[in-house]
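Peer 1: the amino acid sequence is not available; the structure is as follows:
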């Protein structure tokens, strides 16, 4: 269920440069949440024209990574996600701290479905995967 949308200035990342930050976001999420299966972490990139994005009323060079995560995660988990995604983004893109915004929104587990099943509460993911026979589900598409 975790869904990360990276909104970046047009041309700041070329097509072949998007995979590395997507992998980094996936790695961070899976590590910081205690083992979320990689196939459930989604990352999407959108670009905005330089005259369509503003910070403080001025044209923006800020990359914004907004994550939707399952609600109920501990504060240290959420902080770890924000801090480490910020660090990895800066390492990969070379952007300064002033040009990176990372924020999380929490979604209540019963307000989202994946693979046609309502999401589990925090800490119940392993049982949820076993109960719905998702352990062998492919990383993309429906089996």
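Peer 2: Received, thanks. What you see is a predicted model; the values in this text were computed from it and never measured. Numbers count the residues shown, from 1 in each chain.

Peer 1: need the distance between the two termini of stretch 92-106.
Peer 2: End-to-end distance for stretch 92-106: 26 Å, by C-alpha to C-alpha, to the nearest Å.

Peer 1: in it, which residues are buried?
Peer 2: 93, 95, 99-102, 104 (16 or more other C-beta atoms under 10 Å). In this view, the C-beta of every residue, glycine as well, is placed from N, C-alpha and C.

Peer 1: gap between it and the chain center?
Peer 2: 12 Å (C-alpha atoms, centre = their mean, to the nearest Å).

Peer 1: next: stretch 49-64.
Peer 2: Relative to the chain's own centre, stretch 49-64 is displaced by 21 Å; criterion: C-alpha atoms, centre = their mean.

Peer 1: hmm, back to that, so of the buried residues of stretch 92-106, which ones are in strands?
Peer 2: 100-102, 104 (DSSP state E).

Peer 1: quickly check those residues for the two that are furthest apart.
Peer 2: 100 and 104 (14.1 Å; C-beta to C-beta).

Peer 1: below-threshold pLDDT in the chain: ranges please.
Peer 2: Along the chain, the model assigns pLDDT under 70 to residues 135-143.

Peer 1: let's have the ones in strands among the buried residues of stretch 92-106 in CSV, adding distance to residue 57.
Peer 2: Listed next are those as CSV, based on distance: C-beta to C-beta, whole Å:
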residue, distance to residue 57
100, 20
101, 16
102, 22
104, 26
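
Peer 1: no more questions from me, cheers.
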